[in-house]
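Colleague: Could you work out the structure for the sequence below:
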Amino acid sequence: MFETLRLSRIGASGLHLEPTQGSEANKVCGPLVSPVPLPLGEVSVTALDHLDGLPRDIDSDQLQITVYGPKQDVLLVRTAKGRAGLNDLYEDVVGYRPDDDDVLDSHSLLCLVVETIYRDTCGDMN
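Modeller: Predicted coordinates:
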């Protein structure tokens, strides 16, 4: 999951999270991760409600967002209960709730919140 050299940048469309692939017949499992290395670390999103860690209902799952540094050290762990919790986390960093401006689909909201937390924690403003 981690690489020594990190040259990737978050694109204009923002961070995108995808499930990891298990070794058993490429079975999809959790947590959600960025499919490309990030410049200053890594992120993962685990559903604490499910044994495999894969979020099934972002609007209601108990989600754990973890930000790792470039040497795999855990920099931050935050939890959120569903959509309301994701809005709370975003508000803690930015000062307002994304759903107050526009209602995003659940996955887009999750990606926005995780990207914001990653950038705030790692200082990545690219």
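Colleague: use CA for all of it now, contacts and neighbours both
Modeller: Fine.
Colleague: Check which helix or strand T79 maps to.
Modeller: Taking DSSP states H and E as the criterion, the element that holds T79 is strand 74-81.
Colleague: Likewise for D92?
Modeller: With secondary structure defined by DSSP H and E, D92 is part of helix 82-94.
Colleague: Strands of the protein, residue ranges please.
Modeller: Counting by DSSP state E, the chain forms strands over residues 18-21, 28-33, 42-47, 62-68, 74-81, given from the N-terminal end onward.
Colleague: tell me the most buried of the ones you listed?
Modeller: strand 42-47 (a mean of 24; mean count of other C-alpha atoms under 10 Å).
Colleague: Now do that one: which elements does it pack against?
Modeller: Contacts defined by 3 or more C-alpha pairs under 8 Å, 6 or more residues apart in numbering; DSSP states H and E place strand 42-47 against strand 28-33, strand 62-68.
Colleague: Y68 contacts V74, correct?
Modeller: Yes: counting by C-alpha atoms under 8 Å, V74 is a contact partner of Y68 at 4.5 Å.
Colleague: Of the strands of the chain, which is nearest D99?
Modeller: strand 74-81 (15.2 Å; C-alpha to C-alpha).
Colleague: For the closest one, what is the distance to the chain centroid?
Modeller: With C-alpha atoms, centre = their mean, to the nearest Å as the basis, strand 74-81 stands 10 Å off its chain's centre.
Colleague: Listing partners with orientation, what would you give for that strand?
Modeller: Take DSSP bridges as the rule and strand 74-81 pairs in its sheet with strand 62-68 (antiparallel).
Colleague: Can I get the strand it pairs with in PDB, CA atoms only?
Modeller: What follows is the C-alpha trace of strand 62-68 in PDB, where atoms were taken according to Å, rounded to 0.1, in the frame of the first residue of the first chain:
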ATOM      1  CA  GLN A  62     -19.800   3.900  11.600                       C
ATOM      2  CA  LEU A  63     -16.800   5.000   9.600                       C
ATOM      3  CA  GLN A  64     -13.200   5.200  10.700                       C
ATOM      4  CA  ILE A  65     -11.000   7.500   8.700                       C
ATOM      5  CA  THR A  66      -7.200   6.900   9.100                       C
ATOM      6  CA  VAL A  67      -4.500   9.200   7.800                       C
ATOM      7  CA  TYR A  68      -1.000   7.700   7.500                       C
END
